[in-house]
Structures are given as structure tokens and as C-alpha cells.
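*Asks:* here is a sequence together with a model predicted from it:
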Amino acid sequence: MNKQELLTASLEQKIDRTKVLIMDWYEQFDGKVYVAFSGGKDSTVLLHIVRSLYPDVPAVFANTGLEYPEIVEFVKTVPNTIITRPKMSFKEVLDRYGFPLITKEQSRYIEEIRTTKSDYFRDVRLNGKEMRNGRSKSFKLSEKWKYMLKAPFKISDKCCDKIKKYPLHQYEKETGRKAIIGTMAGESSRRKQLYLRDECNQYHAKHPTSKPLSFWNETDVWKYIRDFNIPYSKIYEMGYPRTGCMFCMYGVQYEKLGETRFDKMKVTHPKLYEYCMEKLNLKLAIEWVNKSKKKA
């Protein structure tokens, strides 16, 4: 079964393929592996499958300080879970590097255009000129987001690297363990492209990573949870279809005004809402994006 076919395979077929990938990964590194555990439904399913094969594999939870309280509570109930913490707070990251807005890729391009000293590189990011192996629009800042270059605040993609990825990479360096993560192709068009292009088990990457759920989708995850009666965080019963960092603004521009993740937060977690809007100045960034988007 090829990669494209796996995307529409039955759940049973997907489970079988996932287990093969996990076993290959485990054997390649003599059991020195771990599950990157976010406390969300996807990594909860991944951890269940991994431990059905290898019960002693540790889960590692990167506590960024931005997780929903319900996620943290759930993580504490999962045995053999190691918690890492970042050296920088979210506020420090915002102050030094800027807000995580639009998408990771586009926010990186905005930062690079604003900060590079190379006219050629700036032109690449603005106009998609030749770079590496020929012309590629994937290296170009989207036309519809060019107005963001005028934002009166810094924008970057450094947040995830500094408060989530870096602590996990430090854990890997200290223990020699290699990551198994629960990303899925169905989460975004970019992740689907990466799934179709790359191997699920990336043995030779700078940070070797296994992605054995790459060909799963959200329906598969919920069916697995129901079929195997797996406990999961109650945050999903509070109207949040996805978890992750509470204060992340990636993709919020596509959410309907009055029904965004932050509108929900105002109802379910009012104190945290006030903190992120007023103390972290997320209100400033979001209002500027919405106002300027109408003019662009």
C-alpha cells in the first residue's frame, strides 16, 4: 500500500502500519526512544499504541506554561511522564522575537524580510526569485500577507522553537532517546505535502523523528479512542476541537469573529484571557491584523 492509499485505508490497516513503523524505530535505536506527549488526543492515542507494544517507553511533556489547565491535569494522571520546561517564558519570547501570527512559514518570512541585511535574500522572500534548485514560490511571502510587513510590532516563528522544541532537543541530547511524535497529514496542506515527500521514520534527519500517525486523520483518532475506551483530557468537552498552546495566534485570522479560540477562552478561562490580551498585548496584535486585513 503506497502513501496515498494509506490516507484512505481502514483504521485497522492504519493501526497495523503504525505498529510496524514504531517497532522499526524502537529496534533501530535499541529501545532508546520516547513519545512526545502533548496531552492532546493525537499524542494520547500514539502513546497508547506505543505502550501496547513497549510498556516502558517514557512520555515527555513539554510544559511551555501555555497549556490549558485541563491538559496539565490530564498529563499528571499518565504514568512515566517526564516534564520539561523552557528557559524562556512566552512573554520573553514575544518581547525578544515577536508574535506568532498567520502561519509558522509566513511569520518566518516576515521576520527574515525585516531583519536580513541581504538585498538578494529579501528579494527572494518578497518575489520568489531563484533559490537553491530553481524557482520556487514556496520560498515567497504570500501577497495577501505583505501588509503585515507594516505591523507596528515584531513577528516571528521563534516561539515554538524556544519554548517547546528546544527543551525536547535538550532531553534528547541528555538521554540519547529519539522522538516519536503524533503529527498527522490531515492537520494542514503543508503537513500532507511533507508526508507525501518524506518518510514517516526519518532516521537521518538532524533530529531523527518518527511520525507513525502521519496518514491518520481526526476521525481515525476519535474512533480509536472510542474503540479502546481511552481516557482523554476533558478540554475537548469544553468546546475546543484542538489543544496546543493557549495563546498561540497561528490561524486565528481564519476563525469567525466572535467564535475564535480566544472568544471561547473568555468564557471558559476568563482570567487567562485577560492575562493574554492585556498583559501579553495579544489584543493589540489581533486587532491590528483584523483592522489592516480589511484595508489590504
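*Replies:* Noted; the coordinates are in hand.

*Asks:* distance of the residue lying farthest from the centre of the chain from Arg96?
*Replies:* Using CA atoms, centre = their mean, the residue of the chain lying farthest from its centre is Asp119. It sits 31.3 Å away. Asp119 sits 25 Å away from Arg96 when distances are taken as CB to CB, to the nearest Å. Where you see a C-beta, it was placed from the backbone N, CA and C, and this is true even at glycine.

*Asks:* relative to Tyr109, how far out is the residue farthest from the centre of the chain?
*Replies:* Distance of Asp119 to Tyr109, computed by CB to CB: 16 Å.

*Asks:* what of Ile49?
*Replies:* To Tyr109, Ile49 is 36 Å away according to CB to CB.

*Asks:* residues touching the residue farthest from the centre of the chain, list them.
*Replies:* Contacts for Asp119 (CB atoms under 8 Å, 6 or more residues apart in numbering) come out as none.

*Asks:* go on, Pro58?
*Replies:* Neighbouring residues of Pro58 by CB under 8 Å, 6+ apart: Tyr34, Val35, Asn80, Thr81, Ile82, Arg177.

*Asks:* and stretch 90-98, how far from the chain's centre?
*Replies:* 18 Å (CA atoms, centre = their mean, to the nearest Å).

*Asks:* neighbour count: Ile49 and Tyr109, which is higher?
*Replies:* Tyr109 (25 against 19; other CB atoms under 10 Å).

*Asks:* that one against Lys146, yeah?
*Replies:* No - between Tyr109 and Lys146 there is no contact under CB atoms under 8 Å: 9.9 Å.

*Asks:* now do the helices in this protein.
*Replies:* For the chain, applying DSSP state H gives helices covering 3-6, 11-28, 41-53, 69-75, 90-96, 104-115, 119-127, 158-160, 166-175, 189-197, 218-228, 261-268, 270-274, 282-295.

*Asks:* which parts of the longest one are buried?
*Replies:* Think helix 11-28. Neighbour-count burial for helix 11-28, counted by 16 or more other CB atoms under 10 Å, picks out Lys14, Ile15, Arg17, Thr18, Leu21, Ile22, Trp25, Tyr26.

*Asks:* same check on the fifth one?
*Replies:* Burial within helix 90-96, assessed by neighbour count using 16+ other CB under 10 Å, is assigned to Phe90, Val93, Leu94.

*Asks:* might you report the residue contacts of the last one?
*Replies:* Meaning Leu94. By CB under 8 Å, 6+ apart, Leu94 lies in contact with Cys159, Leu280, Asn281.

*Asks:* tell me where the protein is predicted with low confidence.
*Replies:* Within the chain, the ranges that satisfy pLDDT under 70 run 129-138, 293-296.

*Asks:* can you give me the domain assignment for it?
*Replies:* According to automatic domain parsing, the chain comprises the domains 3-89+158-239, 101-150, 251-296.

*Asks:* tell me which of the ones you listed sits most buried.
*Replies:* Ranked by mean neighbour count, these are led by domain 3-89+158-239 with a mean of 17 (mean count of other CB atoms under 10 Å).

*Asks:* any idea how far apart the tips of it sit?
*Replies:* 33 Å (CA to CA, to the nearest Å).

*Asks:* what does stretch 153-167 give?
*Replies:* Separation of the first and last residues of stretch 153-167 by CA to CA is 27 Å.

*Asks:* got it, and stretch 60-70?
*Replies:* In stretch 60-70, first residue to last residue: 17 Å (CA to CA).

*Asks:* please begin residue numbering at 315 from this point
*Replies:* Understood, numbering begins at 315; the last thing we discussed is stretch 374-384.
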